[in-house]
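Asks: Build me a model:
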Amino acid sequence: MRTRTTRRRGIVALVVATMACLFVFTPTASAHGTIVGPPTRAYQCWDDWGSDHMNPDMQQQDPMCYQAFQANPDTMWNWMSALRDGLGGNFQGSTPDGQLCSNGLSRNNSLNLAGPWKTTTINDNFTMHLHDQAAHGADFFRVYVSKQGFDPTTRSLGWGDLDFITQTGSYPPANDITFNVQTSGYSGHHVIFTIWQASHLDQTYMWCSDVIFN
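Replies: Numbering: from 1, shown residues only. Down below sits the predicted model:
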């Protein structure tokens with residue numbers, strides 16, 4: 001009886017422990033979002049390589065995504081989780097130069113590295129598209145473009161490398177939010193830097209999207 005009871009208790013404990021681990025390690029990041037058009041660096045890597053991330057061809061075909069997957073695959077798996085709480089609007093003071101593309105998150109530092117990130121071709125007037133799995137809405141979006149002459153392949157992005165373009169108004173909760181951005185005078189490879197201030201809490205998201213202005 002003691003042996004059976006001990007085994008039964010052991011099985012129950014194992015089940016409880018397994019369920020607890022599943023609860024603890026289930027990503028809460030699934031309840032957030034990112035800019036999918038033009039895609040952010042993490043989203044582009046996940047979208048292109050998520051189902052083929054062990055492919056050795058990535059090292060030659062997409063070296064920036066390759067180094068990002070090598071550094072921390074969770075950066076791409078949780079492309080929707082690049083948030084920080086409680087910045088109180090102090091975006092620049094809370095985010096050092098060279099850490100903009102990771103939103104100051106050390107686990108996503110691979111996104112800050114200079115290099116040949118894949119680009120999306122756009123015109124002077126283009127559309128931004130946020131996909132938000134939990135439909136938080138937005139207090140605003142703030143959009144910047146790297147200055148003409150800044151080279152994302154050789155330098156990490158700093159605040160002084162950016163031109164402020166626009167800040168939107170608020171948006172109600174929705175899974176997909178799109179808004180238009182108008183620019184002029186840009187050509188070649190640029191970084192679009194976007195700040196999303198979510199509406200439900202003081203949560204700030206910052207991303208880099210690599211583009212070619214044609």
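Asks: Could you report the distance from T75 to R41?
Replies: Between T75 and R41 the distance, using CB to CB, to the nearest Å, works out to 9 Å. For the C-beta atoms, the positions are set from N, CA and C on the backbone; glycine is no exception.
Asks: let me fix that: T120
Replies: In this structure, T120 and R41 are 11 Å apart, going by CB to CB.
Asks: between those two, what contacts are shared?
Replies: Taking CB atoms under 8 Å, 6 or more residues apart in numbering as the contact rule, the neighbours common to T120 and R41 are 209-210.
Asks: Would you mind telling me which of the two has the busier surroundings?
Replies: Neighbours around T120 and R41, counted as other CB atoms under 10 Å, are more numerous at R41. The numbers are 29 against 14.
Asks: Correct me if wrong: that one contacts C208.
Replies: Yes. With contact defined as CB atoms under 8 Å, R41 reaches C208; the gap is 5.5 Å.
Asks: Which stretches in the chain count as helices?
Replies: Applying DSSP state H to the chain gives helices spanning 2-25, 41-49, 58-61, 63-71, 74-77, 91-94.
Asks: For those, which has the smallest mean pLDDT value?
Replies: Ranked by mean pLDDT, the helices of the chain end with helix 2-25 at the bottom, a mean of 38.
Asks: tell me which helix or strand of this structure sits lowest on mean pLDDT?
Replies: Within the chain, confidence by mean pLDDT, DSSP states H and E is lowest for helix 2-25 among all helices and strands, at a mean of 38.
Asks: so how many other residues sit close to the residue nearest to T95 when sequence neighbours are not counted?
Replies: For T95, the nearest residue in space outside its immediate sequence neighbours is G104; the separation is 4.5 Å by CB to CB, 6 or more residues apart in numbering. In terms of burial, G104 registers 20 neighbours under the definition other CB under 10 Å.
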